[in-house]
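Colleague: heads up, no residue letters with this:
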């Protein structure tokens, strides 16, 4: 192994050969250099070499022609290698000069950042509302034109320019899409006829878990990436918004031999250790999180972002990879997850596990991700159930729907009687379930519900789904593309105000928190079609489901959903004396009548719910009757009427 040093402008070159007896401890290579000058302008990389083994191109573990990015580098820059780097190589690269490559920067050793006294908001989980956004998508396009100047589009600073737009959503936390240093390559898709694979849309996969991506820098200096990302986080904190990062510890950019068939980091340093299935041209690019050295890298990376960048939490996408040992076996108690749950540096961070395939979790995902009572779950069951009922009108799932609306106790409540290990049996509060309609940072909700076929119906169903998400027990999460339509943005903002007003009723902190909940079918005195028999018999209105909540001081709300293709006349529950129901939400109505916080009409004993629509009502005082007229007033009125008569 050799350490390669040069200037960021490509000038100068120094290569230091490491001694495996003095510069290696276990699987870790290390070296200390003293007397370096102008450290901020130095970049470095590693050249692996072992003359006794075949090269990477021959199916081996290394190729000495390439200089590899340090997996622990906290900053990286694209560098045009000097000729001296090729002259020092034992072999030439198979494709000739490699052009620009990513090398680690030492600028972090001397740079400082002014946080200006701004601290983390430290929001409780019960008050958290998450909005998901991708830096590139959020700062470009029609929605960004008014507030993001041209030089800030597709950059970290462009997100700051749209800070007010984020605040208007009513969210308390922002989940930023992948900002780890990443490479872009086409996704491989099936051809459709079974003959071969074709290249699909480009996807970004992380290459470094410590360095921020330089592609989102405003200006011409990639070295500004760290400071600009920190500025984004500081301004969000100043506005009272928490910042969560998408963290991908599964798929890396080192699949299939890396970008353009060229190694850049893990696969070229020690693919057999870093990646499942090894490195080389056939590398899967899947990080081997069950390997002890890789496990340490994951923990060190998370601590780095939590301390150096002051982030408030992480969302682990493809989280099922964290539950596997180094041979791919699924563990009930994965060591890396145990460390996550007990790490003191991460103790105040929100840690969210979002699996892409729940069946790859322990016990086939019956109890979700191993959580030890502290890790939050991206509740895939919630989105599946909501779409199955409210979009697809599937019969026989009303009981499942009710479970999701009341916090998914099957997933989150304690269960000590099933022979489960503590990491799966322990209970979590309802807010530990993230209620989202799609996986993290997916596309627009309108497209998911069929906007291409029928935009009017899609908007009604989208509002119904958003209402369900925002009034259910749990932590709501929605993505920025969904709210690019102004009507949906206003709708979400209005329903969040209602959620805040009735938080103790709609989202109490514990499963056993006292509240009176009743479930209703079209008849207020009858329960919904739990068995699914009426839906199977295609009885009109069979899938209508509603619930009412009553609290102290005559507080009450009623929420009803009609996924049926026909309008339904829903009988309303009887309220106490001097109160009656008032409409606050009807997703079938056009804005601004879809959410009316103060001016909704008072209702009698039933309400017609349109197909695909949902409603929300609140108990309101009956208007006082007009005061009776006094005898003097009555006589005066009679005299007036008398003068107006004939004669």
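Modeller: Received it, and whenever you're ready, just let me know what you need. What you see is a predicted model; the values in this text were computed from it and never measured.
Colleague: hang on, residue 418 packs against residue 410?
Modeller: No: between residue 418 and residue 410 there is no contact under Cβ atoms under 8 Å: 11.5 Å. Bear in mind the C-beta positions are built from the backbone N, C-alpha and C, glycine included.
Colleague: pick out whichever of these two has more residues nearby.
Modeller: A count of neighbours by other Cβ atoms under 10 Å puts residue 410 above the other of residue 418 and residue 410, at 14 against 10.
Colleague: in the helix or strand containing that one, what's buried?
Modeller: Following DSSP states H and E, the helix or strand that holds residue 410 is helix 409-412. Neighbour-count burial for helix 409-412, counted by 16 or more other Cβ atoms under 10 Å, picks out 409, 411-412.
Colleague: go on, stretch 79-95?
Modeller: 79, 81-82, 84-85, 88-89, 93.
Colleague: by mean pLDDT, flag the weakest helix or strand of the protein.
Modeller: In the chain, the helix or strand scored least confidently by mean pLDDT, DSSP states H and E is helix 631-644, which has a mean of 47.
Colleague: can you list the low-confidence ranges for this protein?
Modeller: For the chain, the stretches with pLDDT under 70 are 51-62, 93-99, 185-202, 256-263, 280-281, 626-647.
Colleague: and with 80 instead?
Modeller: 10, 27, 50-65, 89-99, 184-203, 255-263, 268, 278-283, 553, 624-647 (pLDDT under 80).
Colleague: tell me the one of the buried residues of helix 409-412 nearest residue 334?
Modeller: Within these, proximity to residue 334 (Cβ to Cβ) peaks at residue 411, which comes in at 18.3 Å.
Colleague: against residue 132, how distant is the closest one?
Modeller: For residue 411, the distance to residue 132 (Cβ to Cβ, to the nearest Å) stands at 21 Å.
Colleague: over to residue 458?
Modeller: 20 Å.
Colleague: which one of those two has more residues nearby?
Modeller: Higher neighbour count among residue 458 and residue 132: residue 132, with 26 against 21, using other Cβ under 10 Å.
Colleague: what lies in contact with the helix or strand containing the more buried one?
Modeller: Residue 132 belongs to strand 130-133 when assigned by DSSP H and E. Around strand 130-133, the neighbours that count as contacts under Cβ atoms under 8 Å, 6 or more residues apart in numbering are 159, 166, 169, 171-177, 244, 434, 440-441, 475-480, 483.
Colleague: what do you get for stretch 30-45?
Modeller: Outside of stretch 30-45, the residues within contact range by Cβ under 8 Å, 6+ apart are 3-9, 16, 18, 23-24, 67-70, 73, 77, 79, 101, 103-107, 109-111.
Colleague: distance between it and the chain's centre?
Modeller: Centroid displacement of stretch 30-45 relative to its chain, using Cα atoms, centre = their mean, to the nearest Å, is 38 Å.
Colleague: again, but for stretch 135-154
Modeller: Distance, stretch centre to chain centre, for stretch 135-154: 21 Å (Cα atoms, centre = their mean).
Colleague: just the element for the closest residue to residue 607 other than its chain neighbours, please.
Modeller: Once flanking residues are discounted, residue 607 sits nearest to residue 570: 5.4 Å by Cβ to Cβ, 6 or more residues apart in numbering. Using DSSP H and E, residue 570 falls within strand 568-571.
Colleague: which secondary structure elements does that strand sit against?
Modeller: Packing partners of strand 568-571 (3 or more Cβ pairs under 8 Å, 6 or more residues apart in numbering; DSSP states H and E): strand 606-609.
Colleague: and the helix or strand following the strand it packs on, how far out from the chain's middle?
Modeller: The C-terminal neighbour of strand 606-609 among helices and strands, as given by DSSP H and E, is strand 614-621. Strand 614-621 sits 31 Å away from the centroid of its parent chain (Cα atoms, centre = their mean).
Colleague: helices or strands up against strand 614-621?
Modeller: The contact analysis (3+ Cβ pairs under 8 Å, 6+ apart) places strand 614-621 against helix 455-471, helix 486-501, strand 556-561, strand 579-586, strand 606-609.
Colleague: now those in a markdown table, with distance to residue 356?
Modeller: Listed next are the helices and strands packed on strand 614-621 as a markdown table, based on distance: least, Cβ to Cβ, whole Å:
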| stretch | distance to residue 356 |
| --- | --- |
| helix 455-471 | 20 |
| helix 486-501 | 26 |
| strand 556-561 | 28 |
| strand 579-586 | 33 |
| strand 606-609 | 35 |
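Colleague: quick one: residue 171 from residue 594, how far?
Modeller: Residue 171 sits 20 Å away from residue 594, going by Cβ to Cβ.
Colleague: with neighbour numbers in mind, choose between those two.
Modeller: Shown here are residue 171 and residue 594; by other Cβ under 10 Å, residue 171 has more neighbours (25 against 22).
Colleague: not counting sequence-adjacent ones, nearest residue to the more buried one?
Modeller: Leaving out its chain neighbours, the residue that sits closest to residue 171 by Cβ to Cβ, 6+ apart is residue 131, at 3.8 Å.
Colleague: and residue 372, by the same measure?
Modeller: Excluding the flanking residues, the one nearest residue 372 by Cβ to Cβ, 6+ apart is residue 341, at 3.8 Å.
Colleague: so which helix or strand takes in the one you found?
Modeller: Residue 341 is part of helix 335-342, with elements assigned from DSSP H and E.
Colleague: quick one: contacts of the helix or strand that that helix is followed by?
Modeller: Next along the chain after helix 335-342, taking DSSP H and E as the criterion, comes strand 350-354. Residues from elsewhere that reach strand 350-354, judged by Cβ under 8 Å, 6+ apart: 125, 128, 173, 242, 244, 312-319, 322, 340-341, 368-369, 371, 374-378, 380, 434, 439-440.
Colleague: show me those that map onto helices.
Modeller: 340-341, 380 (DSSP state H).
Colleague: mind putting these into JSON lines with distance to residue 462?
Modeller: Formatted as JSON lines, the ones in helices among the contacts of strand 350-354 follow (distance: Cβ to Cβ, whole Å):
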{"residue": "340", "distance to residue 462": "35"}
{"residue": "341", "distance to residue 462": "36"}
{"residue": "380", "distance to residue 462": "19"}
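Colleague: re the thing from before, inside strands: which ones of the buried residues of stretch 79-95?
Modeller: Secondary structure from DSSP state E places residue 79 of those in strands.
Colleague: considering the buried residues of stretch 79-95, which is situated nearest to residue 308?
Modeller: Minimum separation from residue 308 among the buried residues of stretch 79-95 (Cβ to Cβ) is found for residue 79, which lies at 22.7 Å.
Colleague: and the closest one, what are its bridge partners?
Modeller: On the basis of DSSP bridges, residue 79 is bridged to residue 101.
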